[in-house]
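Colleague: Sequence and predicted structure below; questions after.
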Amino acid sequence: MAFALESPAFADGQPIPDTHARDGRNLSPPLRWRDPPAGTRSFLLVVEDPDAPSGLFRHWAIYDIASERSQLPEGTTAGAKTESLGRGVNDFGNARYDGPQPPRGHGVHHYHFRLSALDVETLHCGPKTPIADVIDRARPHVIASTELVGTYEAR
């Protein structure tokens, strides 16, 4: 089987429930993955909206996810830091998940949840590292990536 990412909250290409929107409960959706490639020592998860009016908008990044993991529960990074997961600073200025919040009347936005398998255990990023810098640091260590796309439209 191929490296794959899925969520019990929404199917690929389908709407993200309001629970996971910034104006809703702002909880990250539960995610699970299977069949990471051999040599995986950690994972990086990034959520991006390429449909934002200002261009690519980054909503979430967590890194240094242990290679033994195969899921993230709903609400990961929602409260006080209780795990050793690294958190990139998103384009809202927060080191946590911030869900979909497209402008009203801007149409359907596509949220790309991209999970990358890395060949290193840690990226050695500081606590205030912007997501773009986390991605740059991870780029030479990516073995494989998989993606899940959810949609959201402001009502």
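Modeller: The structure has been received and is ready for your questions. Numbering: from 1, shown residues only.
Colleague: which residues sit in contact with the residue lying farthest from the centre of the chain?
Modeller: Here the centre of the chain is the reference, and by CA atoms, centre = their mean the most remote residue is residue 105, at 24.9 Å. The neighbours of residue 105, taking CB atoms under 8 Å, 6 or more residues apart in numbering as the test, are residue 154. Quick note: C-beta positions are derived from backbone N, CA and C, even for glycine.
Colleague: That one belongs to a helix, doesn't it?
Modeller: No: per DSSP: H, G, I helix; E, B strand; the rest coil, residue 105 lies outside any helix segment and is coil.
Colleague: where's it relative to residue 86, distance?
Modeller: Distance, residue 105 to residue 86, using CB to CB, to the nearest Å: 36 Å.
Colleague: Local confidence estimate at residue 79?
Modeller: Looking at residue 79, its pLDDT stands at 62.
Colleague: Quick one: the helices in this structure, in order.
Modeller: For the chain, helices defined by DSSP state H occupy the ranges 131-138.
Colleague: Under the pLDDT cut-off, which ranges of it? List them.
Modeller: Scanning the chain for pLDDT under 70 picks out 79-82.
Colleague: about what we covered before: what's the distance between the residue farthest from the centre of the chain and residue 154?
Modeller: Residue 105 is 7 Å from residue 154, by CB to CB.
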